[in-house]
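Visitor: Sequence and predicted model, in that order:
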Amino acid sequence: MKRSNTRKSLIRMTALLCASSVVFGGCGLFSGEEEKHSISIVRENMADDYNVVSCEKRDVVLTSTVSCSYTQLMEENLAFPVGDKTVAFVYVNEGDEVKEGDLLAKLDVEQLEKDNISMQEEIDKNEFLIKQTDEMIEFYENKINSSALSLSSKESYLTKLQKLREKRRNYNDQNEFDRIKISANEQQISAGSLYAGIDGNISFIKNNLQGSNANAQEKVITILNASVCGFQTNDRNAVDYIKVGDRVSVDISTTETSYDATVTLVDKDAFKIVYELDQPDYSIQMGTRGKVTVVRGEAKSVWALPKSCVFQTDDFAYVYILNDDGVREMREITVGLIGDDYVEITGGLSENDTVILRQS
């Protein structure tokens, strides 16, 4: 409210407020002595020039708002765990519907499969030779134990028996080595096949995948399940104060619609936050933009003033009050939660103090 010309004769004074002697009267809304900073008091006879308020009991709420977009939430990115092999077969195209367990692509593992067949044949052959050798070992052991055997014959049989046992060890060692190699090859063969882990549709296939050389852990196929959708935020700051389980409101300005949702994922590495609607609405189009409002702080039924009343410095907060003489006076206060519209007042005022609203 603008001043009238009749106010030109108003008296202005500025004095230093001493921190050690300020005591506030009233009904004792805030009690206890507080350390006071040295601040200036501006006195003006301006009772008719300002809108004024008093502290009132109310809830103080601090919220933050971040952008979000509607998207599929169930997604699977597939990659071959081994590299340096050619992709021999791709069995799907983008847009194809797949079921969990479907074979999607396969590396060229033909040589590994041939090697395993050859080694298995060698194992079978050695097992037959081991059986024959065991029979020969048993034969010579029986001969050696014969009482009618001459010393020279016994020495000859012992030499043959030693050679047979060495041969058996060689067959057995070779089989153990081949079994280890077969197991390693089977792991690579298994890793060379990509299977769908979820039901959905193929949304991405690497360009010219078939015939290309696969790199280990490189994404080559993506599956999306369109039946599981929700809103998603990518915000490096929001991931620091939004938590899994937080209840939020999602507002869509284009349709003037609000949805209750719950935070189900906070990925601080990817700066990704996911909100799933409490009641799914399948009419929402993919890519729809919205705003998510998150309550970051709340103080219930506390003494509060409108935010426009309160001034802040680096060291303290203060308001302007009108004293009993209608003179504007600066008053230092202590504050709690600073909300969106109101500030929690924890000290420095009594309930009858008249506080000046900041002029616009």
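Guide: Arrived safely, thanks for sending. Numbering: from 1, shown residues only.
Visitor: Which pLDDT value belongs to the most centrally placed residue in the chain?
Guide: Central residue of the chain (Cα atoms, centre = their mean): residue 267, 1.5 Å from the mean position. Looking at residue 267, its pLDDT reads 91.
Visitor: Next: residue 68.
Guide: 93.
Visitor: list the contacts for residue 119?
Guide: 178, 181, 182 (Cβ atoms under 8 Å, 6 or more residues apart in numbering). Backbone N, C-alpha and C define where each C-beta goes, glycine included.
Visitor: Angles on the backbone of it, please.
Guide: With angles defined as degrees, to the nearest 10, residue 119 sits at phi -70, psi -40.
Visitor: so where's the longest helix in the chain?
Guide: helix 151-191 (DSSP state H).
Visitor: The helix or strand just after that helix pairs with which strands, and in what direction?
Guide: As assigned by DSSP states H and E, the chain's next helix or strand after helix 151-191 is strand 193-195. Strands adjacent to strand 193-195 in the sheet, as given by DSSP bridges, are strand 103-107 (antiparallel).
Visitor: Averaged pLDDT, the strand it pairs with. What do you get?
Guide: pLDDT averaged over strand 103-107 gives 94.
Visitor: Break the protein into its domains for me.
Guide: 5-60+299-356, 65-76+225-297, 110-191 (automatic domain parsing).
Visitor: Format those as a markdown table; extra columns: distance to residue 208.
Guide: Listed next are the domains of the chain as a markdown table, based on distance: least, Cβ to Cβ, whole Å:
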| stretch | distance to residue 208 |
| --- | --- |
| domain 5-60+299-356 | 53 |
| domain 65-76+225-297 | 22 |
| domain 110-191 | 21 |
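Visitor: Could you tell me the least trusted of those?
Guide: Among those, domain 5-60+299-356 carries the lowest mean pLDDT, at a mean of 71.
Visitor: part of a strand, is residue 112?
Guide: No - read with DSSP: H, G, I helix; E, B strand; the rest coil, residue 112 is helix and lies in no strand.
Visitor: How many neighbouring residues does it have?
Guide: 20 (other Cβ atoms under 10 Å).
Visitor: From residue 82, how far off is the nearest residue to it once chain neighbours are set aside?
Guide: Among residues not flanking residue 112 along the chain, residue 185 sits closest, at 4.5 Å (Cβ to Cβ, 6 or more residues apart in numbering). Separation of residue 185 from residue 82 (Cβ to Cβ, to the nearest Å): 11 Å.
Visitor: Next: residue 348.
Guide: 69 Å.
Visitor: the more surrounded of these two?
Guide: residue 348 (22 against 18).
Visitor: Go ahead and confirm the more buried one touches residue 331.
Guide: Yes - with contacts counted by Cβ atoms under 8 Å, residue 348 reaches residue 331, the gap being 6.2 Å.
Visitor: Which of the helices or strands spans residue 269?
Guide: Going by DSSP H and E, residue 269 is not in any helix or strand.
Visitor: so which helix or strand takes in residue 223?
Guide: Residue 223 belongs to strand 219-234, assigned by DSSP H and E.
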